[in-house]
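> with the sequence up front, the predicted model follows.
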Amino acid sequence: MKQLTPISKVTMRDVAAAAGCSTMTVSRALQKDGRVSEKTRKKILKAVKELGYVPDMTAGSLSSQRSGFIALLLPSLNNQHLAEMVHALTDELGKEDLQLLIGHTDYLSSKEETLIEMMMRRRPEALVICYDGHTDQAMELLKTVAVPVIELWEDPENPIQHTVGFSNFKAAYDMTEALVQRGYRKIGFLGEAMDAGTRAGARRRGFQAAMKKAGLDDNRVVQHDIMPISMDGAKRATEVLLEQYPEIDCIFCVSDPAAFGALSLLQERGIAVPDDIGLCGFGNFEISRFTHPPISTVGVDAAMVGKKTAELILRLRNGNDAEQGTQDLSEHLRLRPELMFRRSLKNSA
């Protein structure tokens, strides 16, 4: 097999010589420093293109304390909401030439600890984590990192530093309260097992708190044993829910994909939604708008989570430049979910 011939590395000195300026001027031009004139910058960029020079971003970050990327830790890559959020986050950060380094945990807490350590070795400018509970070890790690830590999708009681999210507990509480106001009394909840400290757990607790407040039975809960609950898993869990609690008049699902699975099972059984049983989900996934009937849900603007996170990162970054500090003053951006009532519930349009 033909081997590639090594190409001699073009250095910043080569670019400086070709452009007729100092290496410092080349460095400043590549960093978009305003002290370099437009005429000189164009000469430098022309030399860069002709010579095929590729800046060493790692070397630059060691001297400037900037790596040019943000670390993002996700629980899954197979999630419409997270994909929408990442798209918006990437678009906004890209305007400032910042890139994302993405890792995913598969909902495994032990993997989160490993990824935090690995990512911090790469010197990110910020560490962004989709909150789903942390182990004690992960909490200790996050408290010691030297960059801003931003937790997303929840408004936790004990945040590490900065947050962009909402109370999953309150959102589920409000939806349950609305279901009761619509006349539902025997509501079942379809959730996930081992949900302590997670967003799914907060939703279950919100449901149960609202049911208790209304003086209703809050024990009609079935939790699937795999996280996150899939459509197929939700379908099987709905069978269990109907067997254990045949009297239920409504099902509140921990997510829209779970609600789709529940709807599939109900339709197979000839159980009419909403005439026989009401149904609602959480998240306003695209699928919830195109089922028959469309599924009522708690709407969350995933793209807005990404946009607000990017804006926060850039504020913190600029704050560092101005020596204002970012570690001592935390920011908490609270979003407001929307209760969206569709034809899967009685008394809905």
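Great, that's in hand.

> which residues does residue 282 contact?
Residue 282 makes contact with 171, 172, 175, 203, 253, 254, 255, 256, 259, 297, 298, according to CB atoms under 8 Å, 6 or more residues apart in numbering. For the C-beta atoms, the positions are set from N, CA and C on the backbone; glycine is no exception.

> packing partners for the longest helix anywhere in the chain?
In the chain, taking DSSP state H as the definition, the longest helix is helix 302-321. With contacts taken as 3 or more CB pairs under 8 Å, 6 or more residues apart in numbering; DSSP states H and E, helix 302-321 sits against helix 80-94, strand 149-152, strand 162-165.

> out of these, which gets nearest to residue 233?
Of all the helices and strands packed on helix 302-321, it is helix 80-94 that lies closest to residue 233, at 17.0 Å by CB to CB.

> residue 100 falls within a strand, correct?
Yes: the assignment for residue 100 by DSSP: H, G, I helix; E, B strand; the rest coil puts it in a strand.

> so it touches residue 70, yeah?
Yes: judged on CB atoms under 8 Å, residue 100 makes contact with residue 70 at a distance of 5.6 Å.

> between the two, which one's more packed in?
For residue 100 versus residue 70, neighbours defined as other CB atoms under 10 Å are more numerous around residue 70 (26 against 15).

> quick one: low-confidence parts of this protein?
For the chain, applying pLDDT under 70 flags the ranges 1-9, 55-65, 320-329, 349.

> domain ranges for it?
Following automatic domain parsing, one gets these domains for the chain: 12-55, 67-166+303-335, 168-299.

> chain center to the last one: distance?
I take that to be domain 168-299. Domain 168-299 sits 22 Å away from the centroid of its parent chain (CA atoms, centre = their mean, to the nearest Å).

> and for the first one?
Per CA atoms, centre = their mean, the displacement of domain 12-55 from the mean C-alpha position of its chain is 38 Å.

> got it, and stretch 114-124?
Relative to its chain's centre, stretch 114-124 lies at 18 Å (CA atoms, centre = their mean).

> please apply the same query to stretch 147-159.
Stretch 147-159 has its C-alpha centroid displaced from the chain centroid by 11 Å (CA atoms, centre = their mean).

> renumber starting at 34 from here on
Done: numbering now begins at 34, and the last item shifts to stretch 180-192.

> show me the strands in the chain, by range?
102-107, 132-137, 160-163, 182-185, 195-198, 220-225, 254-257, 283-286, 311-313, 330-332, 365-367, 371-373 (DSSP state E).

> export the ones you listed to a markdown table and tack on distance to residue 119?
Shown next, in a markdown table, are these (distance: least, CB to CB, whole Å):
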| stretch | distance to residue 119 |
| --- | --- |
| strand 102-107 | 7 |
| strand 132-137 | 7 |
| strand 160-163 | 10 |
| strand 182-185 | 11 |
| strand 195-198 | 14 |
| strand 220-225 | 22 |
| strand 254-257 | 26 |
| strand 283-286 | 24 |
| strand 311-313 | 27 |
| strand 330-332 | 19 |
| strand 365-367 | 17 |
| strand 371-373 | 22 |
